[in-house]
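*Asks:* Sequence first, then the predicted structure, then my questions.
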Amino acid sequence: MKTSYVSNLAIQSAMRLTIQQNQSDLLKATQEQTTGRHYDVGLALGATASRSLNLQREMDRLNSMKTTNAVVTQRLSGSQGALETMAKAAEKVRDTLVTYKGNDAATQLKIQKTEIMGALQTFTAAANTSFNGEFLFSGINTDAKPIADYSTTPPSAAKTAFDSALSTFMAAQIPALTGMDQFSVAQMQDFIKNTVEPMFTGTGWDANWSDASSQNMTSRISASEVIESSTNANAKGFRMFALASVISAELMDRNVTPEVRAAIGVEALQYAEQGIAGLNAERSSLGISESRVKKANTSIEAQLKLVNTHVADLEGIDPIETSTRINTLKVQLETSYTLTSRLQQMSLLNFL
């Protein structure tokens with residue numbers, strides 16, 4: 001009869017390896033149960049892992065577009081708020097002109113000028129609204145302040161240009177006008193229509209008022225849609241409001257005849273109405289863009305849900321099977337710990 005030598009050290013080493021393997025398997029299974037996907041997707045899927053990677057890239061692209069759309073939505077919302085403020089300022093000018101129509105008292109004319117200049121300052125502040133360090137109404141020149149302040153010390157370029165144009169027009173008349181009270185209705189209408197208006201509708205606007213680009217910001221909101229996500233201070237509504245404010249503030253309180261003052265009021269009121277209509281048109285345009293972004297986000301959410309479903313089908317694990325495997329591994333570990341403890345207690349001294 002032959003006996004074989006068995007070392008309890010060898011048995012303990014084998015048990016330690018078993019414990020380490022079970023611990024590793026338990027860690028992986030626990031992570032799978034937590035994440036709901038295979039611990040090693042490439043190993044589990046094999047050749048189909050490329051499909052999973054493609055779906056992950058598509059998911060990243062959709063999430064990136066969703067994040068971009070959130071910024072676009074905030075930009076549009078900020079623009080709408082500023083345009084609403086500007087429209088109210090334009091309505092203030094219109095209402096002031098209507099309220100003080102036919103009033104030639106110096107004190108009333110002073111109040112009228114103060115209210116109109118206040119509305120112009122409110123308008124300018126709203127037009128220079130910025131978001132995330134970028135001006136909303138500068139077009140693609142987002143780092144440039146779109147509208148210059150009119151009332152400044154020293155006088156602004158726009159104020160200087162207006163005063164120069166008025167002096168030049170008066171000197172060019174035959175005979176030359178030496179005072180505002182010498183203006184006729186026809187001359188004042190000529191001055192406003194053919195001298196002042198072109199300063200706001202032509203190159204004078206860019207030279208004296210605006211540093212904005214006429215090209216609006218665009219944003220891609222889906223794979224196939226690009227929208228204008230802003231407007232700019234060169235739009236007609238901005239120009240007409242500024243024109244209405246300047247001619248009413250600069251001319252209405254001058255020493256002109258009541259007939260000339262009435263003619264100025266008529267022209268200013270028309271420009272104010274055009275400004276209000278133009279600003280509301282910009283608000284409508286941005287409203288359409290907001291609606292398109294909302295629809296695009298709905299589509300993106302649907303696509304993300306579909307992609308997530310496909311990814312889950314590929315990478316997902318069976319939670320019941322995983323839970324059973326975890327329980328089995330725990331039992332095996334407890335058994336291994338018990339056996340290891342008993343092996344460590346074995347000694348010949350116990351049998352002597």
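*Replies:* It's in. Numbering: from 1, shown residues only.
*Asks:* Which residue ranges of the stretch 1-150 of the chain form strands?
*Replies:* Counting by DSSP state E, counting those that start in this stretch, the stretch 1-150 of the chain has strands at residues 130-131, 134-135.
*Asks:* do the same with the stretch 201-350 of the chain
*Replies:* Using DSSP E, counting those that start in this stretch, strands in the stretch 201-350 of the chain cover 218-220, 226-228.
*Asks:* now those strands as CSV including mean pLDDT, mean neighbour count and distance to Pro198?
*Replies:* C-betas here are computed from N, CA, C, even on glycine. Output for the strands of the stretch 201-350 of the chain, formatted as CSV (pLDDT from 0 to 100; neighbours: other Cβ atoms under 10 Å; distance: least, Cβ to Cβ, whole Å):
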stretch, mean pLDDT, mean neighbour count, distance to Pro198
strand 218-220, 91, 16, 30
strand 226-228, 92, 17, 27
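*Asks:* Using a markdown table, lay out the ones you listed together with distance to Phe241.
*Replies:* As requested, the strands of the stretch 201-350 of the chain are exported to a markdown table (distance: least, Cβ to Cβ, whole Å):
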| stretch | distance to Phe241 |
| --- | --- |
| strand 218-220 | 25 |
| strand 226-228 | 21 |
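*Asks:* nearest to Leu83, of the ones you listed?
*Replies:* strand 226-228 (13.8 Å; Cβ to Cβ).
*Asks:* how far does the closest one sit from the chain's center?
*Replies:* Taking Cα atoms, centre = their mean, to the nearest Å, one finds strand 226-228 lying 13 Å from the centre of the chain it belongs to.
*Asks:* still on that earlier bit, which one of the strands of the stretch 1-150 of the chain is the most hemmed in?
*Replies:* Sort those by mean neighbour count, taking mean count of other Cβ atoms under 10 Å, and strand 134-135 sits at the top with a mean of 18.
*Asks:* Partner strands of that one, with direction?
*Replies:* When pairing is defined by DSSP bridges, strand 134-135 lines up against strand 130-131 (antiparallel).
*Asks:* Touching the partner strand from outside, list them.
*Replies:* If you take Cβ atoms under 8 Å, 6 or more residues apart in numbering as the criterion, strand 130-131 is touched by 74-75, 78, 136.
*Asks:* how about 10 Å then?
*Replies:* The contact list for strand 130-131, computed with Cβ atoms under 10 Å, 6 or more residues apart in numbering, reads 71, 74-79, 82, 136-138, 142-143, 145-146, 230.
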